[in-house]
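# Any chance you can model this:
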Amino acid sequence: MQLRHRRLVAVLAIAATAAAGCGTRLPSTAFTPRPAPGTTTTPTSGGGAGTAQNPASDTGVSPTHIAVGILASLTSPVGSAAFSAPSYGAQAFFRALNDSGGIHGRTVTTTVCDDAGSGIGNQDCVHQLIDHDQVFAFAATASLDYAGADYVNKKAVPDVGGQPITTVYDQYPHLYAIGGSNAPRDGRTVGWNGTLYQSTEIFRFFKQRLESTRAAVVAYNQADSTRYASQLAAGLHAEGYHVLSQTVDLALPDFQAVAAAMKADGTQLLFDAMDTRGNAALCNAMDTAGVKVLAKVTNVENWGESVREDYRSSPNCRNVLWATSSSRNYADVQYPAVQQFRAAMARYFPDQASQLSAWNLEGWAAAQWLTDAIGSCGANVTRACVEQFMNRPEPYNAHNLILPASFTRTPPPTGTTRACLNAARWQDSAQNGRGGWVTQVPNMDTNCFDVPNLPYTP
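Predicted coordinates:
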């Protein structure tokens, strides 16, 4: 179990003081322009059978349509861009899928519900989509506070390819995170009787790649942020790093002091448990103080085009930004599935070009996963059939877009595990001087390490 399922915990630090809000239910057409004429994109549709043999086989399934819900915190306290990307990727996939004939003659109708980043709003969205809209399944969930997860699970609605922002994807059996989970997921406790495990492949990768073991970890003085920072520090210590831990005030962070401490300590690698705002401010302080590191390591949610503007005032720091993930670099067009994704995003969401990101790609992969699960059912599409596909022992890679993931239940991890990752670095000189993310490994499927499993209590 990688750090992946807690990768957004730093964002919670900003949202902790936000007021609750109510959800807004919008059809996908509210978020998508009409497709440009004369363009085509063809994801795998699972076949092209006519509708004559298609029964109304389950909730949200008619002879001609399948209803899918998308939960997203589109207007969360941390901004409209923070949790919207997976929903756009999923919508792009389903629109392209429908343009190519749908799934066995059925088209997918999507309804996006904005939970406004609050638990109350999320529960409202869940009830609206399940009880009123009668959706068959969810895809690409990205909710700041997934308070409705228990209800989704009780109603046995498959939630496929969700972003594991909290621990619910390691608790409920009908929720399927984009990175998989081997925990029991009995609906009662998180992980293995309340214990989860992180592996250390990220830290091993940078130790071997950059030949450095002097790292700093920076966090806010907020419970979730400091907890995540302690996990980072534990992983770094397990890999033999010297670790400088720094904490800043959430409201009035003194990043100049952090930069000075890093310079005095000889920091070469920087990890953080902060949001984009904090990261950009820290980079600005580092550039001002002349602090140079080999790598500033961020996560998949910050792997996007927006770093061009987010770090505009700190170009030196921006050019040592690295991101790691369990999915392909959205810029790697040598992969056919990445080409399809980019073509569909350009067609259906041209206004998102400056915000294109790895999270868009993972939303696309989530929709692909649900589509392949539905396609495996033939004409008789049921939730039970979809979940049989999701729980099969064969790992799934979304047509070579994500590292193979599964939901096979295993005993608590012991000893070492074989773990892989992808990594990219921002370079201003890439893409004809416009800047871009350049993949730093030959193949994420073979960029693997035998690393320890470290238990922790979330």
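# dump the residue contacts of G162.
Each residue near G162 by Cβ atoms under 8 Å, 6 or more residues apart in numbering is listed here: F138, A140, T141, A142, Y146, Y169, L175, Y176, A177, I178, A366. (Glycine included, C-beta is placed from N, CA and C.)
# out of everything not next to it in sequence, what's closest to P458?
Among residues not flanking P458 along the chain, T167 sits closest, at 5.0 Å (Cβ to Cβ, 6 or more residues apart in numbering).
# Run a quick neighbour tally on the one you found.
By the criterion of other Cβ atoms under 10 Å, T167 has 20 neighbours.
# likewise the one 5 residues further on?
Other residues near Y172 come to 21 when the count uses other Cβ under 10 Å.
# Surely it is in contact with T189?
No - with contacts counted by Cβ atoms under 8 Å, Y172 stays clear of T189, the gap being 10.9 Å.
# State the phi and psi torsions of L232.
L232 adopts backbone torsions of phi -60, psi -50, taken as degrees, to the nearest 10.
# I meant to write V108 there.
Here is the backbone geometry of V108 (degrees, to the nearest 10): phi -100, psi 120.
# Now the helix or strand where L97 lies - C-alpha only, CSV.
Counting by DSSP states H and E, the element that carries L97 is helix 85-99. The C-alpha coordinates for helix 85-99 follow below in CSV (Å, rounded to 0.1, in the frame of the first residue of the first chain):
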residue,chain,number,x,y,z
ALA,A,85,-10.0,17.5,-13.1
PRO,A,86,-11.1,13.9,-12.7
SER,A,87,-14.7,14.8,-13.6
TYR,A,88,-13.6,16.5,-16.8
GLY,A,89,-11.5,13.5,-17.8
ALA,A,90,-14.4,11.1,-17.2
GLN,A,91,-16.9,13.2,-19.0
ALA,A,92,-14.5,13.5,-22.0
PHE,A,93,-14.2,9.7,-22.1
PHE,A,94,-18.0,9.1,-22.0
ARG,A,95,-18.7,11.7,-24.6
ALA,A,96,-16.1,10.2,-26.9
LEU,A,97,-17.5,6.7,-26.1
ASN,A,98,-21.1,7.8,-27.0
ASP,A,99,-19.8,9.3,-30.3
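# In terms of secondary structure, what does the one helix or strand S225 maps to contact?
Following DSSP H and E, one finds S225 within helix 223-238. With contacts taken as 3 or more Cβ pairs under 8 Å, 6 or more residues apart in numbering; DSSP states H and E, helix 223-238 sits against helix 9-15, strand 196-199, helix 201-210, strand 214-220, strand 242-248, strand 269-273, strand 448-456.
# Which residue comes closest to L74 once chain neighbours are left out?
Using Cβ to Cβ, 6+ apart and skipping residues adjacent in sequence, the residue nearest L74 is D114, 4.0 Å away.
# what about the strands in the stretch 351-458 of the chain?
In the stretch 351-458 of the chain, strands defined by DSSP state E, counting those that start in this stretch lie at 416-420, 422-427, 436-439, 448-456, listed in chain order.
# quick one, which of those is packed in tightest?
Among these, strand 422-427 has the highest mean neighbour count (mean count of other Cβ atoms under 10 Å), at a mean of 21.
# Point out where the protein drops to low pLDDT.
Applying pLDDT under 70 to the chain picks out residues 1-52, 79.
# Since that was my last question, I'll sign off now.
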